[in-house]
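[1] model the following, please.
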Amino acid sequence: MSTQPKKITIHEDWTVVILGFIIIGISLFIFLPEVPVFKWSNGTDLISDVFDFENLKILGIQFLYLISIGAFGAFLIGKSVKYFLLVFPIVYILTVLALIIAGNTEVKALNLEAVIFSLIIGLAIGNFLKLPEWFRSALSTEVFVKIGLVLLGTSVIFSDILKAGALGLIQALIVVLSVWYFAFWLCRKLKVDDELTMMISSAVSICGVSAAIATSGAIKGDSKKLSYVISIVLVTAIPMMIFMPIIAKYFNFPEEVTGAWLGGSIDTSGAVVASGTLVGETALKISTIVKFSQNVLLGLAAFAISVYWTYTHNNSAEAKESKPTLSVIWERFPKFVIGFILASIVFSFFLTSEVRDAVKDSLKNLQGIWFALAFTSIGLETNFKDLLQNNSRKPLYAFLIAQLFNVIVTLIIAFLLFGK
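    Numbers count the residues shown, from 1 in each chain. Take a look at the predicted model:
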């Protein structure tokens, strides 16, 4: 009697580390994917720039590149490669549509990021068309998100942290710690569930969307809750981006203080740049430095959150009988965080600035497309009712109150550190 050979599979987190470093290795040594053009202002631009033959060729090569990486990942994890190959082209086309919408100059002025359009398009199709179960099961949301997070590590460069300046780092550290703890305490008081508490605390205190995604990955969070938090982050950033510069001008805040205030309290990098530009060159420079200083703390925060969550939310028998041991923590620890840290170390200490600059834009584009693919997938597998019909509005209230606290605390710290 012949026995079927056991299929060898690799854990999803280790798979994304492997895939992330394959992408990094290809970019450094073999092939650097070009960045496609999505920017357009009118119909003429759309035809001549976005739908230009050369740009379509770049998108075609990018598609082949991404589907090859994704199919290899499906094989390593043990998912159906056939179903992945059937589903991925649809997810990719929908994602490119989202990127084209987000590339419009008027949409960019509103600071609406591609991920929100990916989510909306996915939700529309997932809710109005009955998708077969094999289609939903072939969606690789977690893999896409985590590959993006490993690639995010390539942009956290230790030498840049030092350039950010002592004041920017001091402000970032004080703001992140105080706002994170306040948001955490507030969510607990309002009895918000643990997963949303962690995502809201990180999003409001560190760097918005990226922090929410990293935290969700670290705690193996529910993708529907992640969508909810990101929607709040992106919608809240718009009025803040418009009104904070107006308030600063009305009260004649020094430009340095305004920059530090904007950079420390607005949750998305795009909105920080937009609002800093409205104030002036000095404000733009300081706001960018402060925002970058906060972004730098994302890796440390993801690591700390991973350890905390693993230690406090372990349901194994060993954990119930006694406090979790190091082996239990290691078993539950999200390994993609190691990929993020390794990528940061490699790009900080083992590559010259010239090499980093040569691959920076391409890797940032790839990071963005993996995130956008993930949110298209989340939309396709989510029901509107799950996303919008949150049992209570407490998470929303918690976010808004924590954001108000963030705005006030950051302004005080900005005056103390940057006021003359």
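
[2] quick check: longest helix of the chain.
    helix 281-312 (DSSP state H).

[3] buried set for that helix?
    Neighbour counts over helix 281-312 (16 or more other C-beta atoms under 10 Å) mark 283-284, 286-299, 301-303, 305-306, 309-310 as buried. Placement of C-beta: from N, CA and C, glycine included.

[4] gap between it and the chain center?
    Relative to the centre of its chain, helix 281-312 is centred 12 Å away, using C-alpha atoms, centre = their mean, to the nearest Å.

[5] are there helices or strands packed against it, and which ones?
    Secondary-structure packing of helix 281-312 (3 or more C-beta pairs under 8 Å, 6 or more residues apart in numbering; DSSP states H and E): helix 158-163, helix 166-189, helix 194-202, helix 209-218, helix 255-265, helix 269-279, helix 326-332, helix 336-349.

[6] what angle sits between that helix and helix 269-279?
    Angle, helix 281-312 to helix 269-279, by axes from the mean of the first three to the mean of the last three C-alpha atoms, to 10 degrees: 160 degrees.

[7] tally up the residues packed near the nearest residue to residue 419 once chain neighbours are set aside, please.
    Counting by C-beta to C-beta, 6 or more residues apart in numbering, residue 419 lies nearest to residue 257, which is 5.3 Å off, once chain neighbours are set aside. For residue 257, the neighbour count with other C-beta atoms under 10 Å is 21.

[8] I'd guessed residue 342 sits against residue 153; true?
    Yes - between residue 342 and residue 153 there is a contact under C-beta atoms under 8 Å: 7.1 Å.

[9] which one of those two has more residues nearby?
    A direct count of neighbours by other C-beta under 10 Å for residue 342 and residue 153 places residue 153 higher, at 28 against 16.

[10] SS state for the more buried one?
    Secondary structure for residue 153, judged by DSSP: H, G, I helix; E, B strand; the rest coil, is helix.

[11] now it: closest residue in space that isn't a chain neighbour?
    residue 343 (3.2 Å).

[12] list the contacts for the one you found?
    Contact analysis of residue 343 by C-beta atoms under 8 Å, 6 or more residues apart in numbering lists 20, 21, 24, 150, 151, 152, 153, 154.

[13] if we can go back for a sec, wait, what's in contact with the residue nearest to residue 419?
    Contact analysis of residue 257 by C-beta under 8 Å, 6+ apart lists 248, 411, 414, 415, 418, 419.

[14] flag whichever of the residues you listed scores worst on pLDDT.
    Least confident of the contacts of residue 257 in the model: residue 419, at 76.

[15] I'd say that residue and residue 254 touch.
    Yes - Residue 419 is in contact with residue 254 according to C-beta under 8 Å; the separation is 6.2 Å.

[16] next one: the residue lying closest to residue 186 once chain neighbours are set aside from residue 218, what distance?
    Distance criterion C-beta to C-beta, 6+ apart; nearest residue to residue 186, sequence neighbours excluded, is residue 398 at 5.3 Å. From residue 398 across to residue 218, the span is 19 Å (C-beta to C-beta, to the nearest Å).

[17] where does the prediction get shaky in the stretch 151-300 of the chain?
    159-165, 269-270, 274, 296, 299 (pLDDT under 70).

[18] what do you get for the stretch 301-420 of the chain?
    For the stretch 301-420 of the chain, the stretches with pLDDT under 70 are 313-334, 383-392, 420.

[19] got a list of contacts for stretch 132-150?
    Contact with stretch 132-150 is made by 12-13, 15-17, 19-21, 23, 69-70, 73-74, 77, 79-80, 83-84, 86-87, 91, 213-214, 216-217, 223, 336, 339-340, 343, 367-368, 370-371, 373-374, 377-378, 380-381, as judged by C-beta under 8 Å, 6+ apart.
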